[in-house]
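Engineer: A structural model of the following input is requested.
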Amino acid sequence: MPTEDSAAATRRLGRSLIDTFGTGWARGDMNLLMSVYAPDAIFVETPFAEPFRGIDAIRGYWNEVPYNQSEISFSSGEIHAAGPWFSTEFKCVFRRRRTGEWVDARGAIFCETEAERIREMRMYWHRQP
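Structural biologist: Predicted structure coming up:
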C-alpha cells in the first residue's frame with residue numbers, strides 16, 4: 001500500500017505534469033505538451049479508441065490542435081494519487097478555427113507515471129458546442 005509520502009509526491013508530480021500539459025494545449029505549443037510524455041508512452045483519447053503508442057504517434061494526434069483550435073483555455077481540478085497513478089478532472093474550452101463555433105470539453109484524465117513522465121494517459125471526456 002502506498003505511503004502518504006508517496007501519494008503526496010505523486011500528487012505534486014501529477015500537478016506539475018498536468019499544468020505543463022494544459023499550458024502546452026492552451027498555447028498550441030506541442031513541444032511543451034509533448035514534454036510530459038515518456039518516449040514509449042501510451043495515449044488513449046477515449047475509452048473505446050485505439051491507443052496511440054509511442055511519442056511519435058502521440059505527437060501525430062496532438063499536432064492537429066494548433067490548426068483546429070484557437071482561444072483555448074484549460075483548467076484542471078484536484079489531483080488524486082495512488083502509487084504511480086494520478087487522476088484529475090479537466091475543462092478545455094476552445095473555438096473551432098474552421099467554423100468559429102465554441103466547444104466546451106470536460107472530462108477526466110488518468111495517468112501512470114514513470115521516471116517523472118507520463119507512461120500512460122487515458123482521457124474520458126465529452127464535448128458540447
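
Engineer: alpha carbons only for contacts and neighbour counts from here, please
Structural biologist: Fine.

Engineer: and the residue nearest the centre of the chain, what's its pLDDT?
Structural biologist: Geometric centre of the chain, nearest residue: Phe21, 5.6 Å, by C-alpha atoms, centre = their mean. Confidence at Phe21, expressed as pLDDT, is 98.

Engineer: tell me the SS of the nearest residue to it once chain neighbours are set aside?
Structural biologist: Once flanking residues are discounted, Phe21 sits nearest to Leu33: 4.6 Å by C-alpha to C-alpha, 6 or more residues apart in numbering. Here Leu33 is recorded as helix under DSSP: H, G, I helix; E, B strand; the rest coil.

Engineer: quick one: Leu33 and Arg106, what's the gap?
Structural biologist: Distance of Leu33 to Arg106, given as C-alpha to C-alpha, to the nearest Å: 18 Å.

Engineer: looking at the two, which has the bigger crowd around it?
Structural biologist: A count of neighbours by other C-alpha atoms under 10 Å puts Leu33 above the other of Leu33 and Arg106, at 23 against 20.
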